[in-house]
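Novice: Only the shape, not the letters, is given here:
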DNA sequence: AAGGACTGCAACCGCAGGTGA
DNA sequence: TTCACCTGCGGTTGCAGTCCT
C-alpha cells in the first residue's frame, strides 16, 4: 500500500524531472495561487514547468480546479444540490463535469464523490445495483420526493422566520442570483438562464424549473423521454402529508424498500 | 482505552479527444 | 496525414478522521 508517501518526491532517471506526489503543502498552494494570479489558468504544463513546483501539469490543474479556485464552494451539499445531482444524473449518467456545470462552485470530483459515498451506499443498503430499475425507482419515487418535501419545508420555515433568527440552516438556492461579486462570470449563458428559471421557480415549486432542462429532449428507442416520464411521475407523486412525515422520521431505507416494492408492483401491474 | 471497521475526500491514473506543427 | 503534446474526463486508490465494539 505504499503507492505514494506523503509529499514524497519520486526519483526518476532524469534528475531534473523528479515529480512530487501526494497531498499539497501550503507553500505549494501559495506558489500555484500566485502563479495563476499572474499568468492565468490554462497551460498547466507550463505552470508546472516554470512555477518551480515539482508537480505535473495535471496535478496543478486538479489542485487549482478542485481546491484553490476562488469560487470553489466547500461544505455540505445542500438539499437543492442533492436533488439536482439526482435529477441530472438521471439525465446524463456519470457525466460528472457536465453535472457540475449546473452546480456553480461544485467540482466534478466532489459530485462524483457524493455519488459514490452517499448514493451508492443507499444502493448497497437496498442490496441492488445503482443502475438497477429498483434503485432508480427508489430514487424517483421515494428519495427525490423526500428531498422535495424537505426543500419545501425548509423554504417555508425560512419564510416564517425573519433574518438571522432562522433555526434551519439557510441554504442558498443553487441557481439563485448571488450577490457575491464575480460569481456570474463563472456562469455560462445556459447557467444564467437556469439561474433565472430557478429564481422564478423557487417561489412556486422546484418541479417547474426542470421543464427547462437542457438535453432533456433525448429520447430512448421506444420514443419515450425518460426524463419527462420521470418528471411526470415525480409530479404525480401522491403521498399524503402524513405519509411523507412518516417517511421523514424513518432514516432507514429498509422500510422504504418495502413501500417501494408495493408501489412499483402496483404501478407496473 | 484500544483497535478494527467504516466513511469522506483529495489526488492519482489511464484514456480519449483536441490542436498545432 | 501523421505525430506529439496538452487538456479534460471518469474511474480508482489510499489516507485520515470518525465511529463502533
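Specialist: Received, thanks. All figures in this text were calculated on a predicted structure; none of them were measured in a lab.
Novice: domains for chain A, by residue range?
Specialist: Segmentation of chain A into domains, based on automatic domain parsing, reads A:9-68, A:79-268.
Novice: Least confident of these, on average?
Specialist: When the domains of chain A are compared by mean pLDDT, domain A:79-268 comes last with a mean of 57.
Novice: part of a strand, is residue A:120?
Specialist: No. Residue A:120: not assigned to a strand; according to DSSP: H, G, I helix; E, B strand; the rest coil it is helix.
Novice: so it touches residue A:130, yeah?
Specialist: Yes. Assessed by Cβ atoms under 8 Å, residue A:120 is found in contact with residue A:130 at 5.3 Å. In this view, the C-beta of every residue, glycine as well, is placed from N, C-alpha and C.
Novice: which SS class is residue A:113?
Specialist: Taken by three-state DSSP, the conformation at residue A:113 corresponds to helix.
Novice: so how many other residues sit close to residue A:153?
Specialist: 15 (other Cβ atoms under 10 Å).
Novice: did I read that right, it in a helix?
Specialist: Yes. The assignment for residue A:153 is a helix, going by three-state DSSP.
Novice: mind listing what residue A:136 touches?
Specialist: residue A:90 (Cβ atoms under 8 Å, 6 or more residues apart in numbering).
Novice: so it is in which element?
Specialist: Per DSSP states H and E: residue A:136 is located in helix A:133-138.
Novice: Can you tell me which residues in the stretch 51-200 of chain A are near DNA strand C?
Specialist: With Cβ under 7 Å from any atom of the strand as the criterion, the stretch 51-200 of chain A meets DNA strand C at residues A:57-58, A:61, A:94-98, A:108-109, A:112-113, A:116.
Novice: Restricted to buried residues, select those residues in ChimeraX.
Specialist: Buried residues within these, by 16 or more other Cβ atoms under 10 Å, are selected in ChimeraX with:
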select /A:61,96,98,108,112
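Novice: Please list which of the residues of the stretch 51-200 of chain A next to DNA strand C are also close to DNA strand B.
Specialist: Residues of those in contact with DNA strand B (Cβ under 7 Å from any atom of the strand): A:58, A:109, A:112-113, A:116.
Novice: Specify which member of the residues you listed is nearest to residue A:151.
Specialist: residue A:113 (22.0 Å; Cβ to Cβ).
Novice: Check the burial of the residue of the stretch 101-250 of chain A found nearest DNA strand B by counting its neighbours.
Specialist: Residue of the stretch 101-250 of chain A nearest DNA strand B, by Cβ to the nearest atom of the strand: residue A:117 (3.5 Å). Residue A:117 has 9 neighbours, counted by other Cβ under 10 Å.
Novice: So it lies in a helix, does it not?
Specialist: Yes. Per three-state DSSP, residue A:117 lies within a helix segment.
Novice: What helices and strands are in contact with the helix or strand where residue A:149 lies?
Specialist: According to DSSP H and E, residue A:149 maps onto helix A:144-160. Where contact means 3 or more Cβ pairs under 8 Å, 6 or more residues apart in numbering; DSSP states H and E, helix A:144-160 is packed against helix A:79-92, helix A:206-209, helix A:226-236, helix A:241-249.
Novice: switch to 7 Å and redo it
Specialist: helix A:79-92, helix A:241-249 (3 or more Cβ pairs under 7 Å, 6 or more residues apart in numbering; DSSP states H and E).
Novice: what's the spacing between residue A:109 and residue A:50?
Specialist: 26 Å (Cβ to Cβ, to the nearest Å).
Novice: Fine, thanks again, bye for now.
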